[in-house]
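[1] Got a predicted structure here, sequence first:
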Protein chains: 2
Amino acid sequence: MRIAFVAFDRMNMLDFFGAYDALMRLKTLGFVETLTCNTCALKEEVRDIHGLSLKADTVQSSLDGYDIVVVPGGVGSRTLMHDEIFLAWIKSARFAPLKAGVCTGALLLGAAGFLKEKRATTHSNALELLAPYCAEVVRDERVVDAGEIVTSQGVSASIDLGLHLCERLCGAGAQVAKGMDYPFFGAGL
Amino acid sequence: MRIAFVAFDRMNMLDFFGAYDALMRLKTLGFVETLTCNTCALKEEVRDIHGLSLKADTVQSSLDGYDIVVVPGGVGSRTLMHDEIFLAWIKSARFAPLKAGVCTGALLLGAAGFLKEKRATTHSNALELLAPYCAEVVRDERVVDAGEIVTSQGVSASIDLGLHLCERLCGAGAQVAKGMDYPFFGAGL
């Protein structure tokens, strides 16, 4: 299993690391033996709005060939959703069988055209921005599974999205949640 | 308000970023105008167990002078709790009025001597390791506030610890939780 975690300037770090923590436990708990991940960006180092710096290990490479592509949100998504170069890169994930958008990462998946005829959700403050890109904006589900595309509510819901994918892929949601000391798996879904 | 977020090799990134996300919203939501944070480590770059890399902005500097020092956990804590150089560095936080341990970060605060005569908690798998360092190991509270020291359960409880501090410092827990789309603030505490 190959997972790409997309990173960009002014992304929200918790959007990234909630899903990352859950999914990487599929490896440490032995559910998936050969799981590799990449932190993928268009530059070598990305910073959040407070200046905190994360290094990418895969720079300006296509997102093709991954089994899962996870796209976080954050303030940066509001400009990148109109950035043709960035969107062309996101579109390179088109053949990935599973694409996940955390928080306003859904806006990026939407602007890339992946949400047409799909139900989807995003951060509670961004539901109206998402509407033009998808068939139905979902307001009251923590994680929305539309098959090839899974989206979640904002920030903290990154954990729930990660656990949902652990459950869907390996039936491992409850066990991973236990490892994360998370008592709310399945709550509010 | 000056906050130090401690970082080290083989730390758990979600331990770090759950509390970070909540606390930094005290700035973006306007509760604390002059909030600065540093990512503090003994080396310029730290990596988690999967190789993901985070850059420190404050390297080999004393933890003195901060209002809050947040110590995450992770696999690396199991060796660092016996590392005299690392512990001497953690002890430099002794005058910080508020020290917070997420997950097995509590073991590091304990090994530094900060938990004597205190109630504390940690990841559910590490409660017995914590016992020698504190007056009472708490098993069933998400966040344990012992005044100068606040500890939380594992990984995902990083969010709850951050929100608890937002509430304690500024009465901002509910508003910050809303910004994080987190419906579980106060649940399981």
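    Alright, I've got the coordinates.

[2] residues in chain A within reach of chain B, list them.
    A:12-14, A:16-18, A:20-21, A:24, A:27-28, A:37, A:39, A:45, A:49-55, A:57, A:103, A:123-124, A:153-157, A:159, A:178-184, A:187-188 (CB under 8 Å from any CB of the partner chain). For glycine as for every other residue, the C-beta is placed from the backbone atoms N, C-alpha and C.

[3] Pull out the buried residues from those residues.
    Of the members of those, the ones counted as buried by neighbours, 16 or more other CB atoms under 10 Å in any protein chain shown, are A:12-14, A:16-18, A:20-21, A:24, A:27, A:37, A:39, A:49, A:52, A:54-55, A:57, A:103, A:123, A:153-157, A:159, A:178-182, A:184.

[4] Mind checking which of those residues land in helices?
    Restricting those to those inside helices, with DSSP state H as the criterion, leaves A:13-14, A:16-18, A:20-21, A:24, A:27, A:157, A:159, A:178-179.

[5] Going along the chain, name the strands of chain A.
    A:2-6, A:36-41, A:45-47, A:53-55, A:58-59, A:68-71, A:98-101, A:119-120, A:136-137, A:143-145, A:149-152 (DSSP state E).

[6] For residue A:110, which of these is the nearest?
    The stretch from the strands of chain A with the least distance to residue A:110 (CB to CB) is strand A:119-120; that distance is 7.0 Å.

[7] could you say what helices and strands the closest one packs with?
    For strand A:119-120, the packing partners by 3 or more CB pairs under 8 Å, 6 or more residues apart in numbering or on different chains; DSSP states H and E come out as helix A:105-111, strand A:136-137.

[8] quick one: contacts of the lowest-mean-pLDDT helix or strand in chain A?
    Between all helices and strands in chain A, the lowest mean by mean pLDDT, DSSP states H and E belongs to strand A:53-55, at a mean of 94. Judged by CB atoms under 8 Å, 6 or more residues apart in numbering or on different chains, the contacts made with strand A:53-55 from elsewhere in the structure are A:7, A:13, A:16, A:39, A:44-48, B:45, B:52-55, B:57.

[9] same thing but 6 Å
    Outside strand A:53-55, the residues that touch it by CB atoms under 6 Å, 6 or more residues apart in numbering or on different chains are A:45, A:46, A:47, B:53, B:54, B:55.

[10] quick one: which of these is nearest residue B:65?
    The shortest approach to residue B:65 among the contacts of strand A:53-55 belongs to residue B:55, at 21.3 Å (CB to CB).

[11] who does the closest residue in space to residue A:44 that isn't next to it in sequence bridge with?
    Spatially, and ignoring its direct neighbours in sequence, residue A:44 is nearest to residue A:59 (5.4 Å; CB to CB, 6 or more residues apart in numbering or on different chains). Each beta-bridge partner of residue A:59 is listed here: residue A:41, as defined by DSSP bridges.

[12] And the contacts of stretch A:177-189?
    Where contact means CB under 6 Å, 6+ apart, the residues beyond stretch A:177-189 that reach it are A:25, A:142-143, A:163, A:173, B:123-124, B:153-157, B:183-184, B:188.

[13] before we move on, the earlier item: with pLDDT as extra columns, can I get the ones in helices among the buried ones among the residues of chain A next to chain B in JSON lines?
    Converted to JSON lines, those look like this (pLDDT from 0 to 100):
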{"residue": "A:13", "pLDDT": "98"}
{"residue": "A:14", "pLDDT": "98"}
{"residue": "A:16", "pLDDT": "98"}
{"residue": "A:17", "pLDDT": "98"}
{"residue": "A:18", "pLDDT": "98"}
{"residue": "A:20", "pLDDT": "98"}
{"residue": "A:21", "pLDDT": "98"}
{"residue": "A:24", "pLDDT": "98"}
{"residue": "A:27", "pLDDT": "97"}
{"residue": "A:157", "pLDDT": "97"}
{"residue": "A:159", "pLDDT": "98"}
{"residue": "A:178", "pLDDT": "97"}
{"residue": "A:179", "pLDDT": "97"}
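
[14] For those, which two are the farthest from each other?
    Between all members of those, the longest pairwise span (CB to CB) is found for A:13 and A:178 and amounts to 23.9 Å.

[15] ok, the contacts of stretch A:177-189 vs residue B:83, which is closest?
    Set against residue B:83, the nearest of the contacts of stretch A:177-189 by CB to CB is residue B:123 (19.2 Å).

[16] how much space between the residue nearest to that closest one when sequence neighbours are not counted and residue B:161?
    Computed as CB to CB, 6+ apart, the closest residue to residue B:123 that is not its neighbour in sequence is residue B:154, at 3.2 Å. Using CB to CB, to the nearest Å, one obtains 11 Å as the distance from residue B:154 to residue B:161.

[17] quick one: contacts for residue A:39?
    With contact taken as CB under 6 Å, 6+ apart, residue A:39 is in contact with A:5, A:7, A:56, A:57.

[18] Count residues in the vicinity of the first one, would you?
    If I follow you right, that is residue A:5. For residue A:5, the count of nearby residues is 27 (other CB atoms under 10 Å in any protein chain shown).

[19] Contact partners for it?
    Applying CB under 6 Å, 6+ apart to residue A:5 gives the contacts A:20, A:39, A:70.

[20] Out of those, which comes closest to residue B:115?
    Distances from residue B:115 to the contacts of residue A:5, taken by CB to CB, are shortest for residue A:20, at 29.6 Å.

[21] Bridged to the spatially closest residue to the closest one that is not a sequence neighbour, which residues?
    The shortest distance from residue A:20 to any residue that is not its chain neighbour, by CB to CB, 6+ apart, is 5.8 Å, and that residue is residue A:5. When bridges are taken as DSSP bridges, the partners of residue A:5 come out as residue A:39, residue A:70.
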